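Undergrad: Structure of the sequence below:
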Amino acid sequence: MTRLVKAELLKVFTTRMVWGMLALSLGFTLISLAALSILSGQEGVPSITESAGAIALFSSAASGLVFAFIIGTLVMTGEYRFQTITHTFLITPRRERVVAAKLAACAVVGAIFGVAGMLLSAVVAVPAILIKGGSLSVIDGDIARVGVGVIAAMALYTILGLAMGSLLGNQIAAMVVGIGWIYVLENLLVVLLPSVGRWLPGGAAQAVFGVAPPIGGTPYLPAWGGALLLAGYALVFAVVASTTTIRRDIT
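TA: From the prediction side, this is the model:
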């Protein structure tokens, strides 16, 4: 199994796409960090010298969730698009082992995206907070929780991308549906039906981050509840990816 995971990681990191997605993810994080730093303390925006503002600043590391999702879709749909899936299954006939390796590789890639985002956030956030007269320890409980949440959310959304790619098979369709969900439907549900939105993957991630309640006043789940919900989603996505891949006719 270890060799299969290494092989999947090699496939991912030898493509230019993953580095492009990482750069875009970090770019979105940087934009979010800059916006929060500039607007700090203005109406509706917490000061970054306060706990809520610092948490919001560090949670910007998850701004590129959609790019982790896209990488997940490519891990599976790329195999179907370029017809390498047949060769993959000929080498490893037990499809469940292939799926397990892809899931593990996606979790690793997502975690790397999360770590990179947190490092960038620390590089920008710490000086910004100090310049504005605040104080902060990046190893305190709140920031550590945000870091764990960002890494877990990135890993989850990469696995979600793999599940979506396995379910639809088509690369473009999987990305369009996923991006529509992340940027449109999920955000609408959080705004219009916050009692529903807090149970979605994005709501679970926000709960772990410990950010302010969504619009509408309905609070997010407690941090431990969000973590359990994220783990539950990851399990469901893994089952979907496994079931659809094992049963699909690739001829």
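Undergrad: and the helix or strand containing Val109, which residues are buried?
TA: Counting by DSSP states H and E, the secondary-structure element that holds Val109 is helix 95-131. Neighbour-count burial for helix 95-131, with 16 or more other Cβ atoms under 10 Å as criterion, is recorded at 95, 98-114, 116-118, 120-122, 124-126, 128-129. Any C-beta I mention is one placed from the backbone N, CA and C, and that applies to glycine too.
Undergrad: Can you list the helices and strands that that helix packs against?
TA: Using 3 or more Cβ pairs under 8 Å, 6 or more residues apart in numbering; DSSP states H and E as the contact definition, the elements that helix 95-131 packs against are helix 2-13, helix 16-39, helix 51-58, helix 65-81, helix 85-91, helix 141-168, helix 223-247.
Undergrad: what about that helix, distance to the chain center?
TA: If you compare the mean C-alpha spot of helix 95-131 with that of the full chain, they lie 8 Å apart, counting by Cα atoms, centre = their mean, to the nearest Å.
Undergrad: Over to stretch 21-33?
TA: 13 Å.
Undergrad: from what I can see Val190 touches Ala204, true?
TA: No. Val190 is beyond contact range of Ala204, at 11.6 Å (criterion: Cβ atoms under 8 Å).
Undergrad: Overlap of the contact sets of the two?
TA: Each of Arg198 lies in contact with both Val190 and Ala204 under the rule Cβ atoms under 8 Å, 6 or more residues apart in numbering.
Undergrad: more neighbours, those two?
TA: Ala204 (26 against 21; other Cβ atoms under 10 Å).
Undergrad: check contacts around that one.
TA: Contacts were defined as Cβ under 8 Å, 6+ apart; by that measure Ala204 touches Arg198, Leu221, Gly225, Gly226, Ala227, Leu229, Leu230, Tyr233.
Undergrad: Nearest approach to Met175 belongs to which of the helices and strands packed on helix 95-131?
TA: helix 65-81 (5.5 Å; Cβ to Cβ).
Undergrad: helices and strands around the closest one, which ones?
TA: Contacts defined by 3+ Cβ pairs under 8 Å, 6+ apart place helix 65-81 against helix 2-13, helix 16-39, helix 95-131, helix 141-168, helix 171-180.
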